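Asks: Could you work out the structure for the sequence below:
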Amino acid sequence: MTAQQPRVLRSGWSALALVMTAGWLLAACGGSPGPSITLYNGQHEQTTESLVTAFEKATGITVNIRSDDEDTLADEIVSEGSRSPADVIYTENSPALEYLQSKGLLAAVEPSTLAATPSRYSSPQDDWVGVSARVSVLIYNPSLISESQLPTSILQLADPRYQGELALAPGETDFQPIVTSVARAYGAAAALTWLEGLRTNAGSHVYPDNETIAADVNRGEVAFGVVNQYYWYRLAAEIGSGNIHSAIAYFAAGDPFARRQDAGDFRDAPAPVPEAPTIFFGNLTGCFTAPNFSAAANRIILEARMEPTEKPLAFIDLSHGLKYDGNPAQYVLLTSYRMIVRNALNIVAFLWFTDLGQVGFIDRLTHGKPRFWRSVLKTLGIEPKYSLVIGRHNGSHFHTIASEADDRVKKVIYNFLLKQKSQPDS
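Replies: Numbers count the residues shown, from 1 in each chain. Model (predicted):
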């Protein structure tokens, strides 16, 4: 199954696939008392055992279960090829099935079986089927953080205000679809910046599994974490409702990930709203996004005299502490309509996105120099120093961001501008 994100993050589907092997669904030979199949199980063993018990009772078919991490099982099937003893593989998420699909190792699912699940929750190639749903949530301890203080979107998990309060289990297979969804919605660069923010906010609260997150949040050792909803209910069943000191919450309905997602749907994560492309800096110093602007940014926004429908989206302080008239000496202000900059010469200029031209990077150390110079610098172990060059539609130069900004900041601005160029009215 996959997962994407609601107020707490996404809902997803566990998925089942038939493996294309020589012994697929054949009765066992020799002294076996009846037909049997082998199930490679990447799901929770409790869940699988319950399903298998019911299946065996209904069909008389014996199920031999081999349980392991779904990625490990998928690798084994690839290594075993046509000799694999696996008849069926049951996973929590879709990437392992997509991997087997790419290797041609999955058999077609019977149309009658596919018909039991809406088509959007199964493979477009009809070689695996979604069988159970889940939703990722925020589990939190009300004595440490109120529900109103929780993140309302998946991207806010990287907000610096949550430093030391967030618990994560990045090694869980459930975490992979979350990262995949963010990367597909906002781009790889933004996803990496977001992950850096998560790592900073989690600090020492990085756990091996969701069970540990649920237990530690309930004990008050950390304020909140991201888990699938059933971990909280399981904890309540195990320790009793009287010992539950935590609660669960969902991401706001307006969050782009707050929708049901099936095992095959992870490829189609929702894109940012066209009229206001998302821009995200994580914990990068001096970078602010709406509505969490600094006091200095708010002053500059007011002085910008924006159009009635123009929205401020991001403010990047490039002054390194230098002030002019009480404001940052250098900055970039990105709105829904234009880019406003104040350079080192105290010149304020702006560029409407409808007039945006070429955007790209140059290496300041090699630009304009003979080609062999790159080899010289590489031999000396000198790393490139990139500048972001922004041009107008008519080919003229608008602005260059050089050493005043971290390369990561430049990449975020670059990706944002590329999205603006792709808008129909740009």
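
Asks: what sits against the residue nearest to Ser246 when sequence neighbours are not counted?
Replies: Excluding the flanking residues, the one nearest Ser246 by C-beta to C-beta, 6 or more residues apart in numbering is Asn218, at 4.3 Å. (C-beta placed from N, C-alpha, C; glycine too.) Contacts of Asn218 were listed using C-beta atoms under 8 Å, 6 or more residues apart in numbering, and they are 139, 141, 235, 239, 243-246.

Asks: how about the helices in the protein?
Replies: For the chain, helices defined by DSSP state H occupy the ranges 45-59, 70-80, 95-102, 111-114, 175-186, 188-202, 210-219, 229-239, 295-303, 372-379, 407-421.

Asks: quick one on the thing from earlier: what subset of the contacts of Asn218 is buried?
Replies: Buried members of the contacts of Asn218, counted by 16 or more other C-beta atoms under 10 Å: 139, 141, 235, 246.

Asks: if I pick the third one, what's in contact with it?
Replies: Spelled out, that is Leu235. 211, 214-215, 218, 244, 246.

Asks: Try it again at 7 Å.
Replies: Applying C-beta atoms under 7 Å, 6 or more residues apart in numbering to Leu235 gives the contacts 214-215, 218.

Asks: what does the first one give?
Replies: Shown in contact with Ile139 (C-beta under 7 Å, 6+ apart): 213-214, 217, 224-225, 227, 232, 246, 248.

Asks: separation between it and Gly164?
Replies: Distance from Ile139 to Gly164, counting by C-beta to C-beta, to the nearest Å: 17 Å.

Asks: And Asn141, by the same measure?
Replies: The value you get for Asn141 to Gly164, if C-beta to C-beta is used, is 14 Å.

Asks: which residues does Leu333 contact?
Replies: Going by C-beta under 7 Å, 6+ apart, Leu333 touches 300-301, 304, 312, 315, 340.

Asks: any chance of those residues in a markdown table, with distance to Val359 and pLDDT too?
Replies: Listed next are the contacts of Leu333 as a markdown table, based on distance: C-beta to C-beta, whole Å; pLDDT from 0 to 100:
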| residue | distance to Val359 | pLDDT |
| --- | --- | --- |
| Ile300 | 23 | 86 |
| Ile301 | 23 | 84 |
| Ala304 | 22 | 77 |
| Pro312 | 20 | 88 |
| Phe315 | 19 | 94 |
| Ile340 | 16 | 92 |
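
Asks: domain ranges for the chain?
Replies: Following automatic domain parsing, the chain resolves into domains at 14-131, 134-268, 287-421.

Asks: starting at the chain centroid, how far to the second one?
Replies: Once both centres are worked out by C-alpha atoms, centre = their mean, to the nearest Å, domain 134-268 turns out to sit 12 Å from its chain's centre.

Asks: Dihedrals phi and psi, Ile382?
Replies: Ile382 adopts backbone torsions of phi -90, psi 120, taken as degrees, to the nearest 10.

Asks: Distance check, the closest residue to it other than its chain neighbours against Leu318.
Replies: Sequence neighbours aside, Leu365 is the residue nearest to Ile382 in space, at 6.8 Å (criterion: C-beta to C-beta, 6+ apart). Noted for Leu365: a distance of 21 Å to Leu318, by C-beta to C-beta.

Asks: Looking at these two, which has the bigger crowd around it?
Replies: Comparing Leu365 with Leu318 by other C-beta atoms under 10 Å, the one with more neighbours is Leu318, at 23 against 15.

Asks: Tell me where this structure is predicted with low confidence.
Replies: Residue ranges of the chain with pLDDT under 70: 1-33, 133, 252-277, 308, 324-325, 369, 371-374, 376-377, 379, 423-426.

Asks: top strand in it by residue count?
Replies: The longest strand of the chain (DSSP state E) is strand 129-140.

Asks: May I have the residues that are in contact with the closest residue in space to Phe293 that isn't next to it in sequence?
Replies: The shortest distance from Phe293 to any residue other than its chain neighbours is 5.7 Å, reached at Phe315 (C-beta to C-beta, 6+ apart). Going by C-beta under 7 Å, 6+ apart, Phe315 touches 288, 293, 297, 331, 333.

Asks: Now the two most distant members of the buried ones among the contacts of Asn218.
Replies: Using C-beta to C-beta, the pair of the buried ones among the contacts of Asn218 lying farthest apart is Asn141 and Leu235, separated by 12.4 Å.

Asks: how close does the nearest residue to Leu157 once chain neighbours are set aside sit to Glu310?
Replies: In space, and not counting its chain neighbours, Leu157 is closest to Pro151: 5.4 Å by C-beta to C-beta, 6+ apart. Going from Pro151 to Glu310 by C-beta to C-beta gives 27 Å.

Asks: quick one on the thing from earlier: which among the contacts of Leu333 count as buried?
Replies: Neighbour counting over those (16+ other C-beta under 10 Å) leaves 300-301, 304, 312, 315, 340 as the buried ones.

Asks: Good, wrapping up.
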